[in-house]
Every structure is written in C-alpha cells, then in structure tokens.
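[1] Here is the input, now give the coordinates:
(chains A and B)
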There are 2 protein chains.
Amino acid sequence: MQKMRDEISRRTIARMAIYYNTLKKMLAEGETTCPSTQIGQRTGISSSIIRKDLSCFGEFGTKGVGYRIDFLLQWIGQILGYTTVWNTVVVGMGMPLLTLNYQSFLPPGFCIAAVLDMNEQNYGVLLPELGLPIESLQNLENVVFEKKISIGLVAVPPEKAQTVTDRLVVAGVIGIANFTQAQVRVPDNISLTQINAGSMMSQLSYDLAHPVAALRSIV
Amino acid sequence: MQKMRDEISRRTIARMAIYYNTLKKMLAEGETTCPSTQIGQRTGISSSIIRKDLSCFGEFGTKGVGYRIDFLLQWIGQILGYTTVWNTVVVGMGMPLLTLNYQSFLPPGFCIAAVLDMNEQNYGVLLPELGLPIESLQNLENVVFEKKISIGLVAVPPEKAQTVTDRLVVAGVIGIANFTQAQVRVPDNISLTQINAGSMMSQLSYDLAHPVAALRSIV
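    Now for the predicted structure:
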C-alpha cells in the first residue's frame, strides 16, 4: 500500500514538471491566468488529473478564472526543487545529449559543474556549450569535493555503473541519475532516478508483438 | 484496478528487458545456467521479484540449478518482441544519442531505416554509423510507406511533437516513442511510450528539496 502511494506521488511529480514547462511557455506567450482545461489542452493530461495533482500540495485557482500563471510557476518550481542550484557532475560520455542539448533537457536548478570521462583521448577537450573541459575519471573524488557536487549523472558503460555510483556516493553526492542499462543500488539516504530508455523502448516492442496486451492497457 | 494491474505489467516488462541484457552478458561470459539469485546480484533486483516476473509468463527453472540461459534468452526475446524486425524512423535530431549510440541503446529488433530532420542544412549528410543520409521531414509520408516503417521515434522540438506524431500515425506507423518534453496523444490502436528524461530528473530535485519525501519512499 505504501508502495502504491509512492508510485502515485512519483507520477504526480513527473506531471508537475510537464505543467511547469507548459506554464513557462504560456507566460512567454503573454498569458497571465489559465484554467486547468487550458493546461490540459496543451499537455494532453485531463483537467481533473491536473486539478487533483495541484490540490495535493494546497488550494489554488479561482473558479471561472483559473490559476495565476506566475504564482503557479513559482510555486511548482519550489516544490520541484528548481529554485535551488544543484551542482552536477556528468560521468561518462555515453550520453552525448547531456552535454550537447543539456539546456533543453535538464530541469532548472541543475548546473553541470564538471564532466568526467574514462577515455584518455578526451581529456582536456573543451565542451563549448558548458565552458568546461573533459576531465579524467580519476579526479572524481576531488571534483565532487572541490565543486560541491550534489548530483552525479552516470552515463558510463553499464558494467561500470555500480562502481562509479559507489565512488560518487562515498565522495559525497546526495543524488544519482543513472542513464545506463544497469540497475544500480544506493544507500537509503541517497536519492536515485533510473532512466533506462532501452527498457522503455522494450515496452513498445512488447506492445507491438502482443497487440492484445496493448489494447487491454487502453481499457 | 485495471490501471494498477497494467502498471505492474509495464514494470515487469521493463525488468524483463534488464534480465535479457544481463543474461546475454552471462552467456557471453560462458555461463550456461543461473539461479535467480545470480540474476539478482547482477541487476540489483530481488530474486523473489525475478522469480515472480518470470513465472508471469510460464514455469521455468529447475530447483537448485536455476534457469537455462540460452532458453531463457530466447523466450524473453520472444515475449519482448525482439525476434521481429521493427523498421523505425527517427524524426528530428534532438536526440543525437539515437544515432550516435543507437546500438547500445535500442533493443534488438529495432532497425533504424530512416532519419528525418527539419533543418535544411542537414539534408543529405551521411550518418556513417547507420549508413543513412538525413532526409527532409517533408518526405515523412513517403518514407513510412516505402520503407515499411512500424515505429516512429519523435525527437523534434516539443511544440512540434504532436504534429509529427499525427503525421506518423496517418502515414501508417503502429508505435510511437516520444522523446520530447511534450505529452502526445495517439489513437487507441497505436502503442505509445513517452520517455521524458527531464521529468524523471525533476523527481531527483524534488527528492533533494524534500529529504523527508525521499526517506518516506524508502520505507
């Protein structure tokens, strides 16, 4: 039962991140207030779910008018931890996306402060988007300490994922985002998010191979 | 209730993909049989969950000996749809990873048959890893038809995600993997997987901003 509640809450958090991006765009377009139906139209999420998600954290919105966008943005940003700067180290270049397109990909607050790699040939190469050179994986402990790193993004080959995670944790990070195909374990006091795109793609081929299963999940 | 059952099932599928990768590596290392505890050690998933997942689809394994790896691999591969070739079109270059590292990232069976982009400057550029040129987004309908595409990977800017998805569906794909920050909608007979790494990262900053929530989710 506890687990179920936590699942729901993690889904709410994921949707809150989507509301945030949508509201930010609406604000940029000159909107100042919006009803939940409008967020619904833009996100494809039903307005009853939106209202339920937002009411999880307090009462907002005026009947017939909707939510004040600036206020809602600030408030969701605070809930999601966007208003704090989280110094982040990227370990491994397995996820070029992280450095190439990091601005559109990382939530506000995440600040890439160092990029480490295990490939000697890359050492010293400057990443212009970040203004950072690629450093050696051997510097991991020093980098975490000196740059006050809170979060480690693990994008190394899967067989190295646990070792790198362990080193990051010992060095002092408090959150790990694991982008590898491997599952990693962390101590109870460390936050972990596993982003295994391969597994998620497998759900697609499973659905296609079992059309009945796909249809069932729609009912 | 129906929804809950489907959630569980999607998680099982995600774990099956992890078992598959692990077993493949074990086979390459010369192992022929393995107990669930050994899969557990390598994946960080408890052996009771592993046994439960595998028993969802039939009875396997010999007490005291474990599973025959080659048989299990073939069987999981079939369940996950890995034994069918799914011609796939990548739309948008927002996910350079897909083309750079596609081999380690895509499940077996996914075959990238075309890459489309909306940036005219990229047209005709050859992607050596794929042996494919980047084509114009305008060709989408022709490409889906001529190359018998089943799956569309959407990696365009978020505001274009729904339009591209709609075009793919009308053109005849039966599965969509959406890598953008936008939620997209598809008709009931189309499979959809939304891989929103930004949302998943937000769960991390949420946990860090609310240490109590993080601890609670461990209980």
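[2] hmm, who's touching stretch A:77-85?
    Here stretch A:77-85 makes contact (C-beta atoms under 8 Å, 6 or more residues apart in numbering or on different chains) with A:13, A:16-17, A:20, A:57, A:76, A:107-109, A:111, B:202, B:205-210. (C-beta placed from N, C-alpha, C; glycine too.)
[3] Which stretches in chain A count as strands?
    A:33-34, A:67-68, A:86-91, A:110-117, A:126-127, A:132-136, A:151-154, A:175-178, A:191-194 (DSSP state E).
[4] do you know which of those lies nearest B:G172?
    strand A:191-194 (33.4 Å; C-beta to C-beta).
[5] Stretch A:43-50: end-to-end distance?
    End-to-end distance of stretch A:43-50 (C-alpha to C-alpha, to the nearest Å): 10 Å.
[6] same question for that stretch, mean pLDDT?
    The average pLDDT for stretch A:43-50 rounds to 85.
[7] go on, stretch A:206-214?
    On average, stretch A:206-214 scores 73.
[8] same question, stretch A:106-115
    88.
[9] Look up how far A:G175 lies from the nearest residue to A:V173 once chain neighbours are set aside.
    Nearest non-adjacent residue to A:V173, counting by C-beta to C-beta, 6 or more residues apart in numbering or on different chains: A:G152, 4.6 Å away. Going from A:G152 to A:G175 by C-beta to C-beta, to the nearest Å gives 7 Å.
[10] now do A:E135
    Taking C-beta to C-beta, one finds A:E135 at 20 Å from A:G175.
[11] and if you look at A:C56?
    Counting by C-beta to C-beta - A:C56 and A:G175 are separated by 22 Å.
[12] And those two? Which one has more around it.
    A:G175 (27 against 12; other C-beta atoms under 10 Å in any protein chain shown).
[13] just checking, the more buried one touches B:D207?
    Yes - at 6.7 Å, A:G175 and B:D207 qualify as touching, with contact defined as C-beta atoms under 8 Å.
[14] what's the overlap in contacts for those two?
    In contact with both A:G175 and B:D207: A:S191, using C-beta under 8 Å, 6+ apart.
[15] still on that earlier bit, buried ones among the contacts of stretch A:77-85?
    Neighbour counting with 16 or more other C-beta atoms under 10 Å in any protein chain shown marks A:13, A:16-17, A:20, A:76, A:107-109, A:111, B:202, B:205-210 as buried within these.
[16] Out of those, list just those in helices.
    A:13, A:16-17, A:20, A:76, B:202, B:205-209 (DSSP state H).
[17] So which of those is the closest to B:G44?
    B:D207 (18.5 Å).
[18] for chain A, which spans come out with low pLDDT?
    A:1-8, A:57-61, A:64, A:93-105, A:212-219 (pLDDT under 70).
[19] domains for it, by residue range?
    Domain assignment for chain A by automatic domain parsing gives A:2-79, A:86-199.
[20] Comparing these, which comes out most buried?
    The highest average neighbour count among those, using mean count of other C-beta atoms under 10 Å in any protein chain shown, belongs to domain A:86-199 at a mean of 19.
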